[in-house]
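In: Return a 3D structure for these sequence lines:
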Amino acid sequence: MGPAVSRRFQVAEQFRKAAMLRGYKEISTPVVEYASTFTNEYVDMKLQNMMKWFNAEGEIEVLRPDWTTAIARALSNQEKKPQKWAYQGSVFKRSTPGLEYHQAGIEILHMPELMGDSECLLMSRAFLTEIGAPGFVIELGYAGIFEKLAGELDLSEPDNEKLRQAMHDKKKDEVLQIASEYGKRDTAEELADLVDAYGFLDILSQYEKRWRDRPELLGMLRHIGKVARIVQETGTEDILVDLGRVKNLPYYSGIMFRGFLKETGAVCFSGGRYDRLYEQFGEGISAVGLAFDVGVLAGQMQEKEQVQRVCIIAEEESLAFAEKVRAELIDVIADVQSWNADRSEYDRILEIRNVDGKFEVLEK
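Out: As a prediction, the model looks like this:
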């Protein structure tokens, strides 16, 4: 209500401006989707977390729980050329307070990997600067690092999920215990050490030496480094690396990123590369994107400079004249009201009166 809604609209306006100036086109998708779009093996979202019902044909429909998947469905048959899309709207999850979560985000398709990944972060920097965010930190990770090492253990599906959750929770002892049960002590220790592989960019050089004989892992590290350097060269110094970060959705396949507000530590954006997502629609498409938490950013918005509020008191016969008076008031909020208006809400009160057959404006 009130100021909170106003700040959210400010964020939306600034996002639209920032996206437009960087060449993004706008896209929107239906708020109602088929559940199968999100519960398949490529996305693997849990049905119990969605707002759902059966339609007249007996199929399960849901309120949109994820923008990226919904947009992928909409764009899967588009022309295969570089595309940049921007969206704004709500997603709905039972785990979200109030069930509704406001997002603004970008999706980039068919663009070279380094260019697309960098553009996501450069766009986030431009937007956060535009809204005057007091300071933010970018964190970079790579989905394939955990997948590559965990894949060497031939884990059962339940144990793979336990290991992923332990890594997510930064439980080093538990990671080592689960991984060690599969007989490869070196790999188990490598995974456990990833829990502590968090910090500044010098971690990349440390692991480049450590993995110098592992070309696939080395390639992932170097890609993170390239993206980080591009972002740094534009003036963003606060970049962290988390080599032990794991994906929260199956479709992430490459670099992952998050943005944190320095003042509160809140996550203000997150995203990453998801080339595998389009396979559910029979396509192989290079894709990357991120989403901003509009509620978090709205909480950081400064109130706009107070605009003067003017109440113009009119009657039915003077409404047209009142509109002319309103048009002459520049850069103020001009509200035409009746005689019983609550005048305490306004800085100035102008009354229109009929004096000898002519309308006059009197200031109270």
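In: Quick check: buried residues in stretch 142-152?
Out: Neighbour counts over stretch 142-152 (16 or more other C-beta atoms under 10 Å) mark 142-146, 149-150 as buried. For every residue, glycine as well, the C-beta is placed using N, CA and C.
In: Just the closest of these to residue 103, please.
Out: Closest approach to residue 103 among these (C-beta to C-beta): residue 143, at 20.8 Å.
In: Roughly how far does the closest one sit from residue 150?
Out: Residue 143 sits 11 Å away from residue 150, going by C-beta to C-beta, to the nearest Å.
In: same thing with residue 33?
Out: 31 Å.
In: Equivalent analysis for residue 237, please.
Out: Relative to residue 150, and taking C-beta to C-beta, residue 237 is found at 33 Å.
In: Repeat that for residue 233.
Out: Counting by C-beta to C-beta, the gap from residue 233 to residue 150 is 34 Å.
In: Residue 257 now?
Out: According to C-beta to C-beta, residue 257 stands 21 Å off from residue 150.
In: likewise residue 48?
Out: 26 Å.
In: Might you report the residue contacts of the residue positioned nearest the centre of the chain?
Out: Among the residues of the chain, the one closest to the centroid is residue 291, at 1.5 Å (C-alpha atoms, centre = their mean). With contact taken as C-beta atoms under 8 Å, 6 or more residues apart in numbering, residue 291 is in contact with 67-68, 103-105, 269-271.
In: Now, the residues you listed that are in helices?
Out: 67-68 (DSSP state H).
In: Between the contacts of residue 291, which sits nearest residue 84?
Out: residue 105 (11.7 Å).
In: could you pull out the strands for the stretch 151-300 of the chain?
Out: 198-199, 239-242, 255-261, 267-273, 287-293 (DSSP state E, counting those that start in this stretch).
In: would you turn these into CSV with distance to residue 217 and mean pLDDT?
Out: Converted to CSV, the strands of the stretch 151-300 of the chain look like this (distance: least, C-beta to C-beta, whole Å; pLDDT from 0 to 100):
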stretch, distance to residue 217, mean pLDDT
strand 198-199, 17, 96
strand 239-242, 14, 97
strand 255-261, 14, 96
strand 267-273, 16, 96
strand 287-293, 20, 97
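In: Of the ones you listed, which is nearest residue 158?
Out: That would be, of the strands of the stretch 151-300 of the chain and by C-beta to C-beta, strand 255-261, which comes in at 23.9 Å.
In: for residue 293, which residues make a bridge with it?
Out: residue 103 (DSSP bridges).
In: right, and it touches residue 267 too?
Out: Yes: the criterion here is C-beta atoms under 8 Å, and residue 293 meets it with residue 267 at 6.5 Å.
In: which ones are touching residue 311?
Out: 335, 337, 341, 343, 345-346, 348-350.
In: out of those, which are buried?
Out: Buried members of the contacts of residue 311, counted by 16+ other C-beta under 10 Å: 337, 346, 350.
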